[in-house]
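Engineer: here's my sequence, what's the structure:
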Amino acid sequence: MYKTYLKALQLINIHKSSLCLLVFALVTSNLTAQVDTDSTSMTDSVKVQVGAAQMNKYIPLLKGKKIALVVNQTSVVGNTHLVDSLLALNLAIQKVFAPEHGFRGKADAGEHVKNSKDTKTNLPIISLYGKNKKPSPQQLADIDWVIFDIQDVGARFYTYISTMHLVMEACAENNKKVLVLDRPNPNGHYVAGPMLDSRLKSFVGMHPIPIVHGLTVGELAKMINQEKWLKGRQSCNLTLIKVKNYTHQTRYNLPVKPSPNLPNNLSIALYPSLCLFEGTQISVGRGTYSPFQMIGYPEKKFGKDTFTPKSIPGMSKYPKHQNKVCYGIDFRHKDNMELMKGFSLKYLIDYYHKFGNKAKFFNGYFDTLVGNFSLQQKIKKGWTAEAIEKSWEKDLKKYKALRRKYLLYAE
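Structural biologist: Sure thing, here's the model as predicted:
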């Protein structure tokens, strides 16, 4: 192992003053993922080595090149941020592109993130959330390589993969190279949900894939590129660094929460199912310290568990039903582990039937979020969860065949 590290040192010819920092960064590449404090066992995490940790595979590509990074708080190797590790190697980082929630991951969902300068590194931070979702030619003019290293959670409407798509598109248009440092998908062990209807393509759904797509960001990048989903059917110059010791059945515990309102394993597992409630009048626990682990509404008939959404800066400034007692289900205290097993419509349909004024249950965002016009209509017509899920089987079978072409890891 150390021979590999020494070879990397020779290749990049770093200054002696950076040697200690480099050794630290390389040694941390073999550290195990940090264990979360929730009840879900994630013992397989000890084997996993993310793409960013395998510096000997990509540092030689970057020597003497001008670099931009698409990163956030999840872009760590051990306890060290990737930006800090690469700066310690005297690589020519020019700027950082920040996705939704910002570079440090402190902005609320949907909150406008402004361009700024990182106080720690003095690097310019360019927001890719808001009006400017795609790097401009001017922003890429002084760049040779763009590195994408962000932890995803495997749901089509989680916007980091939309940012990756637009970065790949900008690089294709401006003849820049893309390096994706892959990370595990904590919901990568299954595929579920409706396929995206192309008429509902948006920043919360850019690809013809199901809600639970079963791909790592590296596999999805490969699919986007080779299926010619970029604008003008272009493809970018793409390099991938795979995760070591990982399959789609690996239980992986995220070392850093991927966004402010996904704080632990339980929230991440429930997210694909509970996020559908964002398109309704029902609260998913935003405004509490356990978001996406509970659902409720300010009427007692919705359940015995209670919570009161409050304004929490950095998590949810203006939560749904703010300062009102919501009654519902707290999945942290529930023996029913159905939602931990995979995507489910059970609770969405149940709460629709409980809701008084059914014409107001769904809001105008639901179809866009789900990426499907028919789901809302089928629920209104009284379809069961089983019948609805069966109606997706044909499309999912085709998708699974496509998915197998791009898998980098065993199923």
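Engineer: which residues of the stretch 101-250 of the chain score low on pLDDT?
Structural biologist: Per-residue confidence for the stretch 101-250 of the chain (pLDDT under 70) gives these ranges: 101-102, 104-115.
Engineer: the stretch 201-350 of the chain: strands as residue ranges?
Structural biologist: For the stretch 201-350 of the chain, strands defined by DSSP state E, counting those that start in this stretch occupy the ranges 210-212, 237-241, 294-297, 305-307, 326-330.
Engineer: now the ones you listed as JSON lines including distance to residue 247 and mean neighbour count?
Structural biologist: In short, each C-beta sits where N, CA and C put it, glycine included. Formatted as JSON lines, those follow (distance: least, C-beta to C-beta, whole Å; neighbours: other C-beta atoms under 10 Å):
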{"stretch": "strand 210-212", "distance to residue 247": "17", "mean neighbour count": "25"}
{"stretch": "strand 237-241", "distance to residue 247": "17", "mean neighbour count": "18"}
{"stretch": "strand 294-297", "distance to residue 247": "32", "mean neighbour count": "26"}
{"stretch": "strand 305-307", "distance to residue 247": "36", "mean neighbour count": "18"}
{"stretch": "strand 326-330", "distance to residue 247": "32", "mean neighbour count": "21"}
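Engineer: of those, which is nearest residue 90?
Structural biologist: strand 237-241 (20.4 Å; C-beta to C-beta).
Engineer: could the strands of the stretch 201-350 of the chain go into a markdown table alongside distance to residue 286?
Structural biologist: Below are the strands of the stretch 201-350 of the chain laid out as a markdown table (distance: least, C-beta to C-beta, whole Å):
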| stretch | distance to residue 286 |
| --- | --- |
| strand 210-212 | 19 |
| strand 237-241 | 34 |
| strand 294-297 | 10 |
| strand 305-307 | 10 |
| strand 326-330 | 11 |
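Engineer: residue 76: which of those strands is closest?
Structural biologist: strand 237-241 (15.1 Å).
Engineer: off-centre distance for the closest one?
Structural biologist: Computed by C-alpha atoms, centre = their mean, to the nearest Å, the chain-centroid distance of strand 237-241 equals 19 Å.
Engineer: now for that strand, which elements pack on it?
Structural biologist: helix 55-62, helix 160-173, strand 177-181, helix 217-226 (3 or more C-beta pairs under 8 Å, 6 or more residues apart in numbering; DSSP states H and E).
Engineer: the inter-axis angle of that strand versus helix 55-62?
Structural biologist: 160 degrees (axes from the mean of the first three to the mean of the last three C-alpha atoms, to 10 degrees).
Engineer: can you list the strands that strand 237-241 pairs with?
Structural biologist: Looking at strand 237-241 with DSSP bridges, its partner strands are strand 177-181 (parallel).
Engineer: what's the offset of the strand it pairs with from the middle of its chain?
Structural biologist: With C-alpha atoms, centre = their mean, you get 17 Å for strand 177-181.
Engineer: centroid-nearest residue for this structure?
Structural biologist: residue 152 (2.5 Å; C-alpha atoms, centre = their mean).
Engineer: hmm, back to that, between the strands of the stretch 201-350 of the chain, which one is closest to residue 69.
Structural biologist: Nearest to residue 69, of those and by C-beta to C-beta, is strand 237-241 at 13.8 Å.
Engineer: CA atoms of the closest one as PDB?
Structural biologist: Extracted in PDB, the C-alpha atoms of strand 237-241 (Å, rounded to 0.1, in the frame of the first residue of the first chain):
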ATOM      1  CA  ASN A 237     -15.200  13.600 -22.200                       C
ATOM      2  CA  LEU A 238     -16.000  11.500 -19.100                       C
ATOM      3  CA  THR A 239     -13.700   9.700 -16.700                       C
ATOM      4  CA  LEU A 240     -15.000   7.700 -13.800                       C
ATOM      5  CA  ILE A 241     -13.300   6.500 -10.600                       C
END
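Engineer: run through who's touching that strand.
Structural biologist: Strand 237-241 is contacted from outside by 51-52, 54, 57-58, 61, 168, 171-172, 175-182, 218, 221-222, 225, 408, using C-beta atoms under 8 Å, 6 or more residues apart in numbering.
Engineer: and those, which of them are buried?
Structural biologist: 51-52, 54, 58, 168, 171-172, 176-182, 218, 221-222, 225 (16 or more other C-beta atoms under 10 Å).
Engineer: thinking again about what came up before, the residue nearest to the centre of the chain is in contact with residue 158, isn't it?
Structural biologist: Yes - between residue 152 and residue 158 there is a contact at 6.3 Å, judged by C-beta atoms under 8 Å.
Engineer: for residue 291, give me its contacts.
Structural biologist: 261-263, 267, 284-285, 315-316.
Engineer: apologies, that question was intended for residue 216.
Structural biologist: Residue 216 neighbours (C-beta under 8 Å, 6+ apart): 152, 182-185, 188, 243, 408-409.
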